[in-house]
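>>> Sequence plus predicted model, see below.
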Amino acid sequence: MMRLSGLVPYTVFIISTAFWLYIFFNNRSSPHAREYLGFLGVTIVWSIIEFYMSSTGNTGTLLHLMRFSGGLALAATYTFFRFTSLLIGMRHRRIFSWVFLATTLYGIIISTATPYAVRGIEAGSISITPLSGFLSWTVAAFTFTPITIITIYCLIRGAVSADRIVRRQVRLIMIGFIPAVLFTVIFNIALPYLFSMNTQMHFVSLPALIITGFIFIAVVRYRFFSNMLPAAARELFLQISDGVILCDRDGTVAAMNTSAEQLLNLSENHLPKPLAAFADGALVHIAENTELNVCGKNCMVTKSSLKQSGQTIGSLIILTDISDRSHMEAALKKSNEELSLFASVISHDVREPLRVISNYLDLLKHRANDRLSADERSFIDGAARASVRLHALIHDLLKYSRTGHDPSQDTDISMNEIFDESVMLCGVAARETNAVITRSELPTLHVSRTLMSQLLQNLLSNALKFRSTAQPIIHLHAECVDDHYRFSMKDNGIGFEQQYSETIFELFKRLHDKKSYSGTGLGLAVCRKIVSLYGGHITADSAPGKGTTIYFSLPAGDSAPRTDNAAQNSLKYI
């Protein structure tokens, strides 16, 4: 039995060292892993001291080793208590102070009693059995009292906590606590009556190994360190409306919040499991942003790596339920189709009768002109003008409603070419006003020719319409800013108050009466819609009598080179 018991310190040393190396190389960056490594380190040194205690024959050496062993028992108790209490969020200073005083008292008792015990045993005046029994129960009282406190605290915390992650951590800690405490009680009752004093020394560090072993099982089997989130982070994690799944580096799901459980129709009792076990494995191989059908729900899935100190420690998967958005998009698509149908009805069933009315008014005016009074001719002219305005309004409404972006129609187009064509189409108004229209060197963009022509024509027409008494001067400039081009069209027209810089882009909004300036108020609204289709923005900067500058942005794209803005091309109409 002596030889077999002598293997206990060897076993404690080898297993504790193996545990320490495993945690160091695999989990040292996890929360509180450093405290656990500290406890393992104390256990390793303790096992070495116990081995030398059992093998030495010198009383003085044994005395010093027993004192050192008492100090290590003190360190093991405190480091173990610190690790577990931090782990479950028990940070009460009074409890820490009590444990420190208790372990210190334990160390004093062991250090003081050991020399007398050894001398008494050597002199034959003290019996081994009652003395060893007393020392064993002293060790039990002052070493495992903190463990008992933590056990009771865990039971209470696990019963009242609404945090599922906390409850799981408590269950895992109990795996290590309860067997170790039961073994220690039995160990201290039976050991003095079964083994001699030297043999008992071999078993002193064995309870620490049992606790370490059970926690190690929790670390490896149940991904213990993967579940150790700070309390505030846990609360935030559980309350996030999107589904969040945390995986370790091996692809095993360590935790998921309430929203993820609801999306997957699961509870956290099913964890830990490989990620492939959920959603038929669809979550394993996904891109950065992927739309998936997860358990009958349309979800946008985002996956990213979790890194600490430059090393990947796991992954984060976010599930966003977009089922309602999909329904809204379907309803919007249907609404747009109905709007398109309505536009077709307007085009055919309203414009045709309006054209007939306009024709009859012209016919009436020419055939009965001699028989009509001045007031009657004025009435007919007013009705004809209203008919023309209504016709223009319907035309602009149809143009606005049909303005859409079909990516298949996008090609690499030189904005120089589009601008020059737009200038030619506005040639009549430009020649009548003796306008000077110039541009900088413009980029090549991947856009729709039709939409760009419509955009530039509307802006040019607007600048020519709201001109001042001076000769109109219009200039288009472009510059590359990050991933987009910023265009600016500047004129020397009448301008407007800056407070209306947003109003002018709204439907049917006009800053002037119909008699002074014709139009329906839809031209700039169409411009904003076209720019928005490409993810850009359009704004205006103006002041009365000082002209207007329209700014708009368009994406640069891969095919859009940077340009030399110093180059100038001038098109002058006289």
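Happy to help now that I have it.

>>> ok, Asp541 - how many residues close by?
15 (other C-beta atoms under 10 Å). In short, each C-beta sits where N, CA and C put it, glycine included.

>>> Quick one: end-to-end length of stretch 496-505, please.
Terminal residues of stretch 496-505 are spaced 13 Å apart (C-alpha to C-alpha, to the nearest Å).

>>> contact partners of it?
509, 511, 524-525, 527-528, 538-544, 548 (C-beta atoms under 8 Å, 6 or more residues apart in numbering).

>>> mind listing the helices for the stretch 251-400 of the chain?
Taking DSSP state H, counting those that start in this stretch as the criterion, the stretch 251-400 of the chain carries its helices at 258-264, 323-345, 351-367, 374-401.

>>> Isn't Val45 up against Leu72?
Yes - with contact defined as C-beta atoms under 8 Å, Val45 and Leu72 form a contacting pair (6.1 Å).

>>> For these two, indicate the residue with more neighbours.
Legend: neighbour count by other C-beta under 10 Å for Val45 and Leu72, higher for Leu72 (22 against 17).

>>> per-residue confidence at the more buried one?
Leu72 carries a pLDDT score of 72 in this model.

>>> in this protein, what secondary structure element scores lowest on mean pLDDT?
strand 568-572 (a mean of 41; mean pLDDT, DSSP states H and E).

>>> Can you give the domain ranges for the chain?
Following automatic domain parsing, the chain resolves into domains at 2-227, 240-321, 326-401, 407-572.

>>> thinking again about what came up before, right, and the helices of the stretch 251-400 of the chain - which one's nearest Ala18?
helix 258-264 (35.3 Å; C-beta to C-beta).

>>> packing partners for the closest one?
For helix 258-264, the packing partners by 3 or more C-beta pairs under 8 Å, 6 or more residues apart in numbering; DSSP states H and E come out as strand 243-248, strand 311-321.

>>> Single out the most deeply packed of those.
strand 243-248 (a mean of 23; mean count of other C-beta atoms under 10 Å).

>>> for it, what is the average pLDDT?
78.

>>> neighbouring strands for that strand, and are they parallel or not?
strand 252-256 (antiparallel), strand 311-321 (antiparallel) (DSSP bridges).

>>> Adding distance to Ala556, write those out as JSON lines.
Below are the strands paired with strand 243-248 laid out as JSON lines (distance: least, C-beta to C-beta, whole Å):
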{"stretch": "strand 252-256", "distance to Ala556": "41"}
{"stretch": "strand 311-321", "distance to Ala556": "29"}
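
>>> Out of these, which is closest to Val423?
Per C-beta to C-beta, nearest to Val423 of these: strand 311-321, 47.4 Å.

>>> Kindly format the C-alpha coordinates of that closest one as CSV.
The C-alpha coordinates for strand 311-321 follow below in CSV (Å, rounded to 0.1, in the frame of the first residue of the first chain):
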residue,chain,number,x,y,z
GLN,A,311,-5.9,35.1,-32.8
THR,A,312,-9.3,33.8,-33.9
ILE,A,313,-11.1,32.5,-30.9
GLY,A,314,-14.5,31.9,-32.5
SER,A,315,-17.2,33.3,-34.7
LEU,A,316,-20.3,35.4,-34.3
ILE,A,317,-23.4,34.8,-36.4
ILE,A,318,-26.3,37.3,-36.4
LEU,A,319,-29.7,36.3,-37.7
THR,A,320,-32.1,39.1,-38.7
ASP,A,321,-35.7,38.1,-39.3
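
>>> Could you pull up the mean pLDDT of it?
pLDDT averaged over strand 311-321 gives 76.

>>> repeat for stretch 493-512
Per-residue scores along stretch 493-512 average to 81.

>>> can you pull the buried residues of that stretch?
493-496, 504-505 (16 or more other C-beta atoms under 10 Å).

>>> again with stretch 464-476
Taking 16+ other C-beta under 10 Å as the criterion, stretch 464-476 shows 464-467, 472-476 as buried.

>>> From Ala540, how far out is the closest residue to Phe505 other than its chain neighbours?
Once flanking residues are discounted, Phe505 sits nearest to Arg528: 4.4 Å by C-beta to C-beta, 6 or more residues apart in numbering. The gap separating Arg528 from Ala540 is 10 Å, by C-beta to C-beta, to the nearest Å.

>>> do Ser422 as well
Taken as C-beta to C-beta, the span from Ser422 to Ala540 is 19 Å.

>>> can you list the helices and strands packed on helix 258-264 in a markdown table and add distance to Tyr36?
Output for these, formatted as a markdown table (distance: least, C-beta to C-beta, whole Å):
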| stretch | distance to Tyr36 |
| --- | --- |
| strand 243-248 | 17 |
| strand 311-321 | 16 |
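
>>> Beyond the helix or strand that contains Ser532, next helix or strand please.
Using DSSP states H and E, Ser532 sits in helix 523-533. Next helix or strand after helix 523-533 toward the C-terminus (DSSP H and E): strand 538-542.
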